[in-house]
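1. Quick one: sequence and predicted model below, then my questions.
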Amino acid sequence: MLFPAALFAQTTGKVMDNLTMKSKILKDNRKYAIYLPPDYDSSKRSYPVLYLLHGAGDDQTGWVQFGEVLRIADKAINEGNATPMVIVMPDANTGQRGYFNDVTGEWRYEDFFFDEFMPYIEKEYRIKSEKRFRAVAGLSMGGGGSFMYALHRPDLFSSACPLSAAVGPLSLADAKTFMERIGNKPVTASEAEIETHYKRHSALELIANMPEDQKKAVRWYIDCGDDDFLFEGNALAHIAMRKNNIPHEFRVRDGGHTWTYWREALPTVLSFVSDAFHQH
């Protein structure tokens, strides 16, 4: 009678979706969710990590509740389509919404993510700390976070998988409107501050100006539905990467800005990031 229970324990991972850590940068406790692979509790090994970012209107539970990360990750790992990995889902929906520092520097979420959150997670859990074993992915607002984090810090991520991504304002003229839409207060920054912020948070600007030595630093998988309202920005990012000779995968599938689409994308994301985690 013990054997089936032991077998079950080995084939099922574990999710906790209401964990917290204290942030000095954001002056608040920050929530996060985490997926631990099936053999995490029974082994002493360290694992690769995928930072999986939610979209606007969701929180750290989005990929757990609607994205069914436990079921999909377990299936991919047990069928050999993905390597066992830890999946970390931070909350970016408390305080000012989004994964970036705001234009005034008062809300510094990106600083929190790199300076506090990642070090905390990679100390608290058995996670490999090398770039090769770290990836980032996300949907919509989190797709934008995936773009920016990998573009800002190509030294930290082996792969990035933006899904239906908000790539940032498509022009400087759109930047102020865009900032007001994603923030929770009117923009009071100067024109120069807005331009600086735009250039740092527009995927198109960053791709167009990517240094030659960074063009192959990150493996890119970009996926957006043909009926998605964010399709234009994703298509333009693909075109910009083609023009700038940046290797990447670009997928257009049937669908819109929906959880059905993202649930179908997740197995491919897990397989794609695993290709970097593996030894070939």
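-> Yes, it's here. Residues are numbered from 1 along each chain as shown.
2. Could you check how many residues crowd around residue 279?
-> Counted with other Cβ atoms under 10 Å, the neighbours of residue 279 add up to 4. (Glycine included, C-beta is placed from N, CA and C.)
3. How much space separates it from residue 83?
-> 10 Å (Cβ to Cβ, to the nearest Å).
4. And residue 112, by the same measure?
-> Distance from residue 112 to residue 83, by Cβ to Cβ: 28 Å.
5. do the same with residue 108
-> 33 Å.
6. now residue 231
-> 31 Å.
7. Could you check which of the two is surrounded by more residues?
-> residue 83 (19 against 16).
8. For the residue lying closest to that one once chain neighbours are set aside, which three-state class applies?
-> Once flanking residues are discounted, residue 83 sits nearest to residue 274: 4.4 Å by Cβ to Cβ, 6 or more residues apart in numbering. Recorded secondary structure, residue 274: helix (DSSP: H, G, I helix; E, B strand; the rest coil).
9. Share the number of residues neighbouring residue 274, please.
-> Counted with other Cβ under 10 Å, residue 274 comes out at 21.
10. Tell me who's in contact with residue 224.
-> 163-165, 230-231, 234-235, 251-252 (Cβ atoms under 8 Å, 6 or more residues apart in numbering).
11. And residue 100, how close does it get to residue 198?
-> From residue 100 to residue 198 the distance is 11 Å (Cβ to Cβ).
12. Please identify which of those two sits among more neighbours.
-> It is residue 100, of residue 100 and residue 198, that has more neighbours when counted by other Cβ under 10 Å, with 25 against 21.
13. Please look at that one and residue 113 and confirm they touch.
-> No - the criterion here is Cβ atoms under 8 Å, and residue 100 misses it with residue 113 at 9.3 Å.
14. Tell me where this protein has helices.
-> Remark: helices of the chain, listed N- to C-terminal, are 2-11, 62-65, 69-78, 109-112, 118-124, 141-152, 172-182, 191-201, 203-208, 231-243, 259-277; assignment by DSSP state H.
15. and these, which is most packed in?
-> helix 141-152 (a mean of 27; mean count of other Cβ atoms under 10 Å).
16. Hmm, the residue nearest to residue 83 is touching residue 80, no?
-> No - Residue 274 lies out of contact with residue 80 (Cβ under 8 Å); the separation is 9.7 Å.
17. can you pull the pLDDT of residue 4?
-> For residue 4, the pLDDT comes out at 50.
18. before we move on, what about residue 74?
-> 98.
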